[in-house]
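[1] Sequence first, then the predicted structure:
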Amino acid sequence: MISRKFENSANVTGKAIEKARKSKHMTRALLSNQLMMLGIDINYDGIYKIENGRRIVKDFELSALCKVLEISETQLLEDFRKKLNL
């Protein structure tokens, strides 16, 4: 059976997203609102689930999160890439 999780997490960017959000002193609600202004519908609970590895992040959501958080996709994937020795 193929696993849809890595180390029991539905995504590998959640903790990096949380760290970037907190470094910007943003609440989940504020992040959600800024994403909605870009046409990306992720509510507060969705942000919580992403940050805690309980929800998959779609590619367009990841790009929007990077735009709002002013971080690159590469930066979000940095810890994962280290685990893969890339």
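    Arrived safely.

[2] Surely Ile40 and Leu62 touch.
    No - Ile40 is beyond contact range of Leu62, at 10.0 Å (criterion: CB atoms under 8 Å). (Each C-beta comes from the backbone N, C-alpha and C, glycine too.)

[3] which helices and strands does the helix or strand where Thr74 lies pack with?
    Here Thr74 sits within helix 73-76, counting by DSSP states H and E. The contact analysis (3 or more CB pairs under 8 Å, 6 or more residues apart in numbering; DSSP states H and E) places helix 73-76 against helix 14-23, helix 59-69.

[4] what's in contact with it?
    13, 16-17, 20, 62-63, 65-66 (CB atoms under 8 Å, 6 or more residues apart in numbering).

[5] Find the nearest non-adjacent residue to Gly46, please.
    Arg55 (6.2 Å; CB to CB, 6 or more residues apart in numbering).
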